[in-house]
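Peer 1: Turn this into a model:
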Amino acid sequence: MFQEFHRHARHTPDPLKPIYGNGCEHSDVKFRYPTTQEVKRSNPEHFSDCTIPVLTFGHWINTYAEFFTRAPAWFHQIQQSKALDRNITIILADCNRMPLLPYHRELLEPFSIHKVTSWSTFASRSDTASHSDSTAEGTHVRCFKKMLILGFDHASWAEAYNTGQTILAHYKAKGTIPDTKLFQSLDPSVLKLLIEYRAPEGEVHRLREPVKNLLPIPADDPRVVALIRDHPGQVLPPTEFADRPVYTDTRQILNIEEVMQQCKDADWAPVLVGTNWTGVECQAYAFGTNTFLEGMAVMQQTDLFVSMHGSGEINTMYMREGSMKLQLRAKDFGTPNTEASYMANGYWPLVCEQIASSRSAHPLQCWFANFEDNDSWEPGIFERLGLYGHNMALKARDRHLRLNFDHLKTLMKDMLPMQREKDSFSARWKNWTVATSFYGDGTKAYVKHKNVPDRRRRLSAGASQRGAFLAPEEEREPTVEEGHVQWQRALVRELGGRNE
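Peer 2: Numbering: from 1, shown residues only. Here you go, the predicted structure:
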């Protein structure tokens, strides 16, 4: 029960509108106002004036990156605006009864002096005198004078890097980041190149263990049979892939064993011309199969992070300022002016750009590589079985890649000298020369790396399909951050700029 209710801050006239996403639909938050008789019978002393519960929910909390940019990033921004301080109780509403995972609490811990808790635990009918680490009183209080319900349906991309650095500083201060050494060389003149290893489902990949290529499986493999069984009537005859092998999972570098060996044996001297580096050490690492804090330690050691699209990319936010990120894209995913490109060019490039705009510079240098050779890719398991229908964006997103190591070296030779030249990199970002496409005929071209604000993909007059730029829109849509200024001010007014 609470005496004062604040409509949670969302871009919707209905403060309790359900949030949908990827099979992760939140039902309405159930509450009622106290009746007049209940208010008369209640003892004001029973209502906490010290604890302010903040019930939080948002899209796709089952996905690490989506949760990061929706909950921690917004808490960071709200606290920077002085609307809230850390003397709050953060409560996470679950999604379809999914259990809260360790990273949910770990990512939010830096933003509260109290233990992050779940809605079911906080609202339980435990003895009010029983101990609780989630309230200012230290007991299981159940009545509050104020309560906030915050639904985060949009990501705060601009705050992502600052949020990651705040989380990093919190755990550094606690002394809980392990002394993990992924890279063997301690020489700063040796470039630390990290390639994300997306360990196949069920595999636990430990530090410095050899990586394994994903091998094709027979069409009657139990995993394929289970997918077909679980999607009745949705599996389409994949006639276009009849001559292609069947691979499980999605977004794998299919030849990662060969890539790691080539990386070890390569002559790096021509690639490092114009840089301060004298050598390269390559390592692979699988996020998600190791601890959250170990991954944070690994990213602090990394100079260049290479990965496919996915949640693992958000670990970039723990990297040192001046580090580099290279996103690999299988055929059609990042190709300009295609149905698939809105996801590739409307997400990570905008994350990087909004981070830069919030800090007046690029703390990270983001680069992109599109591989358009027909021999460089294989369909992900869902596309292979026809489960994505005609959704080209999802098909292209989840394709596997055979990484051409010579192309990787070409990219690095272009990228690495920019690491010391922040102004030169900013100019290249503005001039659309940070994304490279490699084609089957041996040619390559710089291409547009981000979408126009409203995703209308129009070719410039006379532009060719290869390397074509998108026509800019005359009117700019407001950013999510600009749209949320109003409700941040409302929070300040509601709480008087403080919470007690």
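
Peer 1: rest of the way, CA atoms for contacts and neighbours
Peer 2: Fine.

Peer 1: check contacts around the residue nearest in space to the middle of the chain.
Peer 2: For the chain, the residue lying nearest the average C-alpha position, counting by C-alpha atoms, centre = their mean, turns out to be residue 65 (2.5 Å). Listed by C-alpha atoms under 8 Å, 6 or more residues apart in numbering, the contact set of residue 65 reads 310-314.

Peer 1: Can you tell me which of these are buried?
Peer 2: In terms of neighbour count (16 or more other C-alpha atoms under 10 Å), the buried residues within those are 310, 312-314.

Peer 1: Farthest-apart pair in these, please.
Peer 2: The most widely separated members of those, counting by C-alpha to C-alpha, are 310 and 314 (8.0 Å).

Peer 1: Please, where are all the strands along the protein?
Peer 2: Counting by DSSP state E, the segments of the chain that form strands are 2-6, 53-58, 89-92, 117-118, 144-152, 190-196, 279-285, 304-308, 324-329, 365-371, 377-378, 400-401, 435-438, 444-446.

Peer 1: could the ones you listed be laid out in a markdown table, adding distance to residue 295 and mean neighbour count?
Peer 2: Putting those into a markdown table (distance: least, C-alpha to C-alpha, whole Å; neighbours: other C-alpha atoms under 10 Å) gives the following:
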| stretch | distance to residue 295 | mean neighbour count |
| --- | --- | --- |
| strand 2-6 | 37 | 15 |
| strand 53-58 | 24 | 22 |
| strand 89-92 | 23 | 26 |
| strand 117-118 | 23 | 20 |
| strand 144-152 | 26 | 21 |
| strand 190-196 | 11 | 21 |
| strand 279-285 | 9 | 20 |
| strand 304-308 | 12 | 23 |
| strand 324-329 | 16 | 23 |
| strand 365-371 | 20 | 25 |
| strand 377-378 | 28 | 24 |
| strand 400-401 | 23 | 26 |
| strand 435-438 | 27 | 22 |
| strand 444-446 | 32 | 17 |
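
Peer 1: which of these has the lowest average pLDDT?
Peer 2: Taking the average pLDDT of each of the strands of the chain, the minimum falls on strand 2-6, with a mean of 30.

Peer 1: one step back: what is the nearest of the contacts of residue 65 to residue 191?
Peer 2: Sorting these by how near they are to residue 191, with C-alpha to C-alpha, puts residue 313 at the top with 19.2 Å.

Peer 1: OK, contacts around the closest one?
Peer 2: Contact analysis of residue 313 by C-alpha under 8 Å, 6+ apart lists 65, 307.

Peer 1: how far away is it from residue 351?
Peer 2: When C-alpha to C-alpha, to the nearest Å is the yardstick, residue 313 and residue 351 sit 11 Å from each other.

Peer 1: Next: residue 341.
Peer 2: If you go by C-alpha to C-alpha, the gap between residue 341 and residue 351 works out to 15 Å.

Peer 1: the more surrounded of these two?
Peer 2: residue 341 (24 against 20; other C-alpha atoms under 10 Å).

Peer 1: What are the neighbouring residues in contact with the nearest residue to the more buried one once chain neighbours are set aside?
Peer 2: Leaving aside its sequence neighbours, residue 341 sits nearest to residue 334 (C-alpha to C-alpha, 6 or more residues apart in numbering; 4.9 Å). When contacts are counted by C-alpha under 8 Å, 6+ apart, residue 334 is found next to 340-341, 344-345, 370, 449.
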